[in-house]
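Chemist: Build the 3D model from these lines:
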Amino acid sequence: MSLAADVLTRAKEKGVMIATAESCTGGMVFAALTDIAGSSAVMDRGFVTYTNDAKQEMLGVSSATLAAHGAVSEQVAKEMAEGARANSKAQLAVSITGIAGPGGSEHKPEGRVCFGITFGTDTHTETVEFGALGRKMVRESARDHALSLLHQALSTK
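Modeler: Just a heads-up that it's a prediction; the model follows:
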């Protein structure tokens, strides 16, 4: 069974609805989950918020947070995940914001991706440095990591 299929099975068993908030992956996590028949039982909605305006308008990310930390930060990932949960019928939400490349900067290099996962009242964030693997590989790695975060959340609650 694939990781995505296992996430769906666990969510169904627990009666948990899922939402996603994605930036650099452009909906890849939501697509991976909804590629599987029967996903509508647990998939509520996916937010693709590529711009800062979209993050603010759709998820309620604070302009002050964006100004202080930038879009690629754990603080923004936290607000994205919590915004996805608050603006949906989901109990579990995952967020992704990062630099897929090419490019980046000394302070925010290519391959840096920040994640948020919120389940109930608990929110966890983390940053993963995938490195300059190329745009396609960074995005796929971020998708897979988000699926593993969903899997872990459903395995521990």
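Chemist: only C-alpha atoms for contact and neighbour calcs from this point on.
Modeler: Will do.
Chemist: quick one: the helices in the protein?
Modeler: Along the chain, counting by DSSP state H, helices occupy 3-14, 28-34, 52-59, 63-69, 74-86, 135-156.
Chemist: Tell me the helices and strands packed up against the second one.
Modeler: Read that as helix 28-34. helix 3-14, strand 18-22, strand 43-48, helix 135-156 (3 or more C-alpha pairs under 8 Å, 6 or more residues apart in numbering; DSSP states H and E).
Chemist: Could you do the fifth one as well?
Modeler: Secondary-structure packing of helix 74-86 (3+ C-alpha pairs under 8 Å, 6+ apart): strand 18-22, helix 52-59, helix 63-69, strand 92-98, strand 112-119, strand 122-129.
Chemist: Nearest residue to the middle of the chain?
Modeler: Ser95 (2.2 Å; C-alpha atoms, centre = their mean).
Chemist: quick one: that residue and Phe115 touch, right?
Modeler: Yes. Between Ser95 and Phe115 there is a contact under C-alpha atoms under 8 Å: 5.4 Å.
Chemist: Any chance you could list residues touching both of the two?
Modeler: Ala77, Lys78, Ala146 (C-alpha atoms under 8 Å, 6 or more residues apart in numbering).
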